[in-house]
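Undergrad: fold the following for me, if possible:
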Amino acid sequence: MAIILAGRRLTYQPTEKISYEWVEGLVTFEIAVNEQITQLTFSESLPKEFPHRINDMSG
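TA: Numbers count the residues shown, from 1 in each chain. Sure, this is the predicted structure:
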């Protein structure tokens with residue numbers, strides 16, 4: 001399923017994954033559930049040319 005949000009492509013897989021374009025990069029949240037825990041994984045991918053890549057990645 002693809003949703004358009006503010007001109008950016010958004011990928012949505014209910015209860016599993018959501019990802020979207022952020023400026024020139026890609027931001028992804030993935031959810032894994034088992035009987036005892038729920039794990040949320042965040043990942044961000046930015047091109048080397050992105051001017052504030054180091055600051056953005058370090059928070």
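Undergrad: for Gly25, which non-adjacent residue is spatially closest?
TA: Distances taken as Cβ to Cβ, 6 or more residues apart in numbering place Leu46 nearest to Gly25, at 3.9 Å, with adjacent residues excluded. For glycine as for every other residue, the C-beta is placed from the backbone atoms N, C-alpha and C.
Undergrad: distance of Asn34 relative to Val23?
TA: Look at Asn34 and Val23: by Cβ to Cβ, to the nearest Å, they are 34 Å apart.
Undergrad: Trp22 bridge partners, please.
TA: On the basis of DSSP bridges, Trp22 is bridged to Gly25.
Undergrad: wait, it touches Glu44, no?
TA: Yes - with contact defined as Cβ atoms under 8 Å, Trp22 counts as touching Glu44 (7.4 Å).
Undergrad: show me the shaky parts of the protein.
TA: 1-7, 9, 53-59 (pLDDT under 70).
Undergrad: hmm, try it at 90
TA: 1-15, 18-27, 34-35, 44-59 (pLDDT under 90).
Undergrad: what about the helices in it?
TA: Along the chain, counting by DSSP state H, helices occupy 53-58.
Undergrad: can you pull up the most central residue in it?
TA: Thr28 (1.8 Å; Cα atoms, centre = their mean).
Undergrad: the nearest residue to Glu16 once chain neighbours are set aside bridge partners, please.
TA: Excluding its sequence neighbours, the residue lying closest to Glu16 (Cβ to Cβ, 6+ apart) is Ile31, at 6.0 Å. For Ile31, the beta-bridge assignment (DSSP bridges) gives partners Leu40.
Undergrad: if I pick Ile31, what's in contact with it?
TA: With contact set as Cβ atoms under 8 Å, 6 or more residues apart in numbering, Ile31 has these partners: 15-17, 38-41.
Undergrad: which of those residues lies closest to Arg8?
TA: Lys17 (16.0 Å; Cβ to Cβ).
Undergrad: if I look at the residue nearest to the centre of the chain, how far off is Gln36?
TA: Taken as Cβ to Cβ, the span from Thr28 to Gln36 is 24 Å.
Undergrad: near Gly25, how many other residues are there?
TA: When neighbours are defined as other Cβ atoms under 10 Å, Gly25 has 15 of them.
Undergrad: so it touches Lys48, yeah?
TA: No - Gly25 lies out of contact with Lys48 (Cβ under 8 Å); the separation is 11.0 Å.
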